[in-house]
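> Sequence first, then the predicted structure:
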Amino acid sequence: MDEHALGDRELDVMAVLWEIGSGTVGEVRQRLPAHLAYTTVLTILRNLEAKGYLSHTVEGRAHRYAPRIAQRTAQKSALSHMLSRLFQGSPELLLARLVETEALTPDELRDLAKRVSSARKPKGRAC
């Protein structure tokens with residue numbers, strides 16, 4: 001599975017399903033940020049299932065779709081792809097570009113620095 005290969009509409013659908021856990025075409029359609037036709041949402045769900053991102057169970061006449069991949073896993077995969085393709089594999093370059101282009105407040109910058117610092121600390125050593 002290549003999470004980075006998902007289109008914007010596919011990502012919108014996945015975001016809804018990650019939020020609600022599972023849903024029918026109608027339930028997903030109601031929660032999407034853009035108004036899409038029922039058949040369009042159905043097609044997106046079927047495509048995501050064919051790609052291996054979703055599974056479905058039958059509920060009467062409806063199908064209930066659920067993610068087969070966790071959001072965090074998708075984020076890690078997409079980020080890894082972006083790092084290698086756009087930032088020469090450099091997390092430092094990615095973070096620098098993010099800080100340059102986003103209007104972060106001083107508090108947000110401090111929080112980010114704390115996160116980076118705590119993420120870089122070595123975990124406990126085995127004796």
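Noted; the coordinates are in hand.

> Helices of the chain, residue ranges please.
For the chain, the helices defined by DSSP state H cover 8-20, 25-31, 38-50, 71-86, 91-101, 106-120.

> among those, which is nearest Arg64?
Comparison of the helices of the chain against Arg64 by Cβ to Cβ identifies helix 25-31 as nearest, at 8.5 Å. All C-beta atoms are positioned from the backbone trio N, CA, C, and that covers glycine.

> on that earlier part again, I'd like the helices of the chain as JSON lines, with distance to His56 and mean pLDDT appended.
Compiled in JSON lines, the helices of the chain are given as follows (distance: least, Cβ to Cβ, whole Å; pLDDT from 0 to 100):
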{"stretch": "helix 8-20", "distance to His56": "11", "mean pLDDT": "96"}
{"stretch": "helix 25-31", "distance to His56": "10", "mean pLDDT": "98"}
{"stretch": "helix 38-50", "distance to His56": "6", "mean pLDDT": "97"}
{"stretch": "helix 71-86", "distance to His56": "18", "mean pLDDT": "89"}
{"stretch": "helix 91-101", "distance to His56": "35", "mean pLDDT": "90"}
{"stretch": "helix 106-120", "distance to His56": "37", "mean pLDDT": "88"}
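
> neighbours around the closest residue to Ser22 other than its chain neighbours, how many?
The shortest distance from Ser22 to any non-neighbouring residue, by Cβ to Cβ, 6 or more residues apart in numbering, is to Ala66 (3.8 Å). Neighbour count for Ala66, taken as other Cβ atoms under 10 Å: 15.

> got it, and Val25?
As a burial measure, Val25 scores 21 neighbours (other Cβ under 10 Å).

> Please list all residues in contact with it.
Taking Cβ atoms under 8 Å, 6 or more residues apart in numbering as the contact definition, Val25 lies against 38, 41-42, 45, 62-63, 65.
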